[in-house]
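[1] Got a predicted structure here, sequence first:
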Amino acid sequence: MVTEERKKRILEDAGFAYSFDRLSYINRQARKVFSIEFVQDNDEAEIRARIGKPTPAGEWEFNFNSKPTDSVKREFLRSIAP
Amino acid sequence: MTERTVEDRLREEYFTLLPDARLVLEELKAEVGYCLLPLLKKLERHEKITVISRIKECESALGALRRRQEGAIFDPNRAGEYSLKALNDLAGVRVLAFPRTRWAEVNGLLRQHSQFTRWTSDPVLPTPNDPDTQPLAFKYHGYCSRNGVVRAELQIAPMLVGLFWDVEHSAIYKPSPQFKGVLAGMNERTNKVYEALKEFESEFERLIRRDPLKARKRKKKKKKRGRNQ
């Protein structure tokens, strides 16, 4: 299996779903987001480590290559609100 | 009054840029047509070269710029920093050629044309696990000589691949909401389509070259041309 496929499998197995609109993997329960750029640029070990890292209560963790500003985070979360 | 969003600003910019995009498109079409004239004159009956042009639609341009941002989100606090001028393909021309030998010839001709020699090459490459290293299509972008505002794109694709993209891009590449989640397994199938199309063309060209009737006709044509000179 190619690396990209393996990373995708790791994320899906951890409960992440890919959003075509946000080009990101999102897990609402774990309150975590991985941008496609971050997934492409980091290896499997780093992705696993980030998946395992606990998220502070009431917050969302954004795994982006460039740290998103608060306004980007707000817009992002508004756009994925159920 | 409600605040203007990044999208509102970009929509306004789109309609400001539209006259420039139209001019660029006309210039690009004319340059491409002029370059291809000698080749069009010597096409065999089974060979085809088609030139298609388009200006990216407003929402499609916004979507393309949005997808360039991480998380596909515009930052409302940086609204002034976004511009559709950053897109390479607001105006675009696609040249489709059949069979593949003509595709390579079209690319050679256009690439040598002074207008395009300084354009940036950005070929459409096959997926990394595909053993084929040849691009699926040639792609270039740059400015036309009469307009330094809007960038244009020139795409040169094998006709069968280009026609496949017409359907595939609208269904898969730019997925409709109702198809989300169904697409994960399509990469492998898509690669198989490319492979099949390429094999079809290779075999077609091999048989055409071997056709004795065709070879005789070509000889006759050459002889006639020689006599007329």
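    Done, it's in.

[2] interface residues of chain A facing chain B?
    The interface of chain A toward chain B, taken as CB under 8 Å from any CB of the partner chain, is made up of A:2, A:4, A:8, A:18, A:20-24, A:33, A:35, A:37-38, A:62, A:64-66, A:68-69, A:71-72, A:75-76, A:79. For glycine as for every other residue, the C-beta is placed from the backbone atoms N, C-alpha and C.

[3] quick one: low-confidence parts of chain B?
    For chain B, the stretches with pLDDT under 70 are B:1, B:128-132, B:172-185, B:211-222, B:225-229.

[4] Looking at it, which strand is longest?
    In chain B, assigned by DSSP state E, the strand with the most residues is strand B:147-158.

[5] tally of neighbours for A:Val39?
    As a burial measure, the neighbour count of A:Val39 was computed by other CB atoms under 10 Å in any protein chain shown and equals 23.

[6] now it, what's its secondary structure?
    Using DSSP: H, G, I helix; E, B strand; the rest coil, the structure places A:Val39 in helix.

[7] show me the contacts for it.
    Contacts of A:Val39 were listed using CB atoms under 8 Å, 6 or more residues apart in numbering or on different chains, and they are A:Glu4, A:Lys7, A:Lys8, A:Leu11, A:Tyr25, A:Ile47.

[8] burial count for the fourth one?
    The one in question is A:Leu11. Burial measure for A:Leu11: 21 neighbouring residues, criterion other CB under 10 Å.

[9] Settle this for me: it is touching A:Ala30, isn't it.
    No - counting by CB atoms under 8 Å, no contact exists between A:Leu11 and A:Ala30, whose distance comes to 10.8 Å.

[10] Identify the contacts common to the two.
    Among the neighbours of A:Leu11, those also in contact with A:Ala30 (CB under 8 Å, 6+ apart) are A:Ile51.

[11] Report the secondary structure state of the nearest residue to B:Leu43 once chain neighbours are set aside.
    Counting by CB to CB, 6 or more residues apart in numbering or on different chains, B:Leu43 lies nearest to B:Ile49, which is 6.6 Å off, once chain neighbours are set aside. When the structure is split into helix, strand and coil by three-state DSSP, B:Ile49 lands in strand.
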